[in-house]
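Trainee: pasting a predicted model and its sequence here:
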Amino acid sequence: IGIALAKSGGRILRSAYQQRRLQTGTGVKVGHDVTFFGGGEVLLGDHVRIAPGVVFRSDKGSVVEIGANSYIGAGSHLEARKGQILRLGRHFELGARCSIVSERGVFWGDKCSLGADSFVGPREDGGLGSLVVGTACHLHRHTLIDLCADVVIGENVHTGPFCAFYTHNHVPLPGKLIWDQVPSFAPINVGAGTWIGHNCSILPGVSIGENSTIATGAVVTKAVKSWTIAGGVPARALKTLFPP
């Protein structure tokens with residue numbers, strides 16, 4: 001375990017690390033009490049800024065990689081479990097108090113953002129999903145992405161706050177409490193150019209076509225075609241748009 005001390009504006013900044021490899025580019029700025037630990041690698045690109053209290057964990061054989069000119073908000077937690085990759089693209093903006101856990105790979109494109117108080121990772125034992133996000137995607141604060149199965153989000157997807165992407169479900173069976181039953185898992189796919197409004201839920205197995213709009217408060221339980229406005233509980237097609 002090592003302790004790195006640096007002066008900034010007359011204050012002593014401390015970062016702790018227990019890392020087989022920590023590699024930084026030029027112009028990297030690390031806030032107070034940022035921690036790096038595990039047996040894997042953490043790679044910070046040029047001009048990355050890390051706010052105070054961030055925790056990086058990279059287990060054996062794993063890599064956490066932050067692209068150049070990115071910002072990691074205060075109190076966030078980024079973890080790549082054994083043999084996995086967690087990669088955030090260039091010019092990435094991560095809000096405060098976020099948690100991202102890679103059990104089977106997490107890959108964000110360039111020029112993306114994830115708002116404060118968001119969670120990305122599996123929420124049930126046995127769930128091992130990956131996340132692939134295209135360029136220029138902006139997911140608002142309090143986003144939940146449940147990675148019990150794979151989630152793919154195309155480029156230029158935007159969401160409002162309090163949106164959830166669920167890849168697991170509990171199917172009621174007689175004779176057992178529902179939380180004692182084995183959940184089912186199914187992937188989610190969101191097409192490029194989609195807008196998802198405030199407080200929407202995308203349920204397991206759903207595919208949303210490109211350039212669609214999901215209205216505020218919708219619960220999407222089945223596929224939405226491209227160029228469609230959908231809303232309601234459960235969501236249904238409200239209007240079909242025509243591509244330019």
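Mentor: Good, I have the coordinates. What you see is a predicted model, and the numbers here were worked out from it, not measured in a lab.

Trainee: specify the residue positioned farthest from the middle of the chain.
Mentor: Distance from the C-alpha centroid of the chain peaks at residue 175, with 36.2 Å (Cα atoms, centre = their mean).

Trainee: so for it, what's the pLDDT?
Mentor: For residue 175, the pLDDT comes out at 83.

Trainee: check which helix or strand covers it.
Mentor: Assigned by DSSP states H and E, residue 175 belongs to no helix or strand.

Trainee: now the residue nearest the centre of the chain, what's its secondary structure?
Mentor: Centroid-nearest residue in the chain: residue 120, 4.2 Å away (criterion: Cα atoms, centre = their mean). For residue 120, the secondary-structure state derived from DSSP: H, G, I helix; E, B strand; the rest coil is strand.

Trainee: ok, it - contacts?
Mentor: Applying Cβ atoms under 8 Å, 6 or more residues apart in numbering, we find residue 120 in contact with 98-101, 106, 114, 131, 143, 145, 147. For the C-beta atoms, the positions are set from N, CA and C on the backbone; glycine is no exception.

Trainee: run the last query once more with 6 Å
Mentor: The contact partners of residue 120, by Cβ atoms under 6 Å, 6 or more residues apart in numbering, come to 100, 145.

Trainee: which residues pair with it across the strands?
Mentor: residue 100, residue 145 (DSSP bridges).

Trainee: so it versus residue 95, what's the distance?
Mentor: From residue 120 across to residue 95, the span is 12 Å (Cβ to Cβ, to the nearest Å).

Trainee: cool, and residue 86?
Mentor: Using Cβ to Cβ, residue 86 is found at 16 Å from residue 95.

Trainee: those two: who's more crowded?
Mentor: residue 86 (28 against 23; other Cβ atoms under 10 Å).

Trainee: surely the more buried one is in a strand?
Mentor: Yes - according to three-state DSSP, residue 86 belongs to a strand.

Trainee: so it sits right up against residue 103, yeah?
Mentor: No - counting by Cβ atoms under 6 Å, residue 103 is not a contact partner of residue 86; they are 10.0 Å apart.

Trainee: what about this protein, any weak spots by pLDDT?
Mentor: Scanning the chain for pLDDT under 70 picks out 1-20, 244.

Trainee: again, only using 50
Mentor: 1-14 (pLDDT under 50).

Trainee: verify the stated contact: residue 110 with residue 135.
Mentor: Yes - using Cβ under 6 Å, residue 110 makes contact with residue 135 at a distance of 5.1 Å.

Trainee: show me the contacts for residue 225.
Mentor: residue 209.

Trainee: ok, it to residue 159 distance?
Mentor: Distance of residue 225 to residue 159, given as Cβ to Cβ: 19 Å.

Trainee: for residue 189, list each beta-bridge partner.
Mentor: Per DSSP bridges, the residues bridged to residue 189 are residue 152, residue 207.

Trainee: roughly how far does it sit from residue 213?
Mentor: According to Cβ to Cβ, residue 189 and residue 213 sit 16 Å apart.

Trainee: do residue 66 as well
Mentor: Counting by Cβ to Cβ - residue 66 and residue 213 are separated by 32 Å.

Trainee: the more surrounded of those two?
Mentor: Using other Cβ under 10 Å as the criterion, residue 66 and residue 213 rank with residue 66 on top: 27 against 20.

Trainee: show me the contacts for the more buried one.
Mentor: Residue 66 makes contacts with 44, 48, 88, as judged by Cβ under 6 Å, 6+ apart.

Trainee: same check on residue 136?
Mentor: 111, 155-156.

Trainee: can you rerun that using 10 Å?
Mentor: When contacts are counted by Cβ atoms under 10 Å, 6 or more residues apart in numbering, residue 136 is found next to 89, 91, 109-113, 155-158, 192.

Trainee: cool, thanks, signing off.
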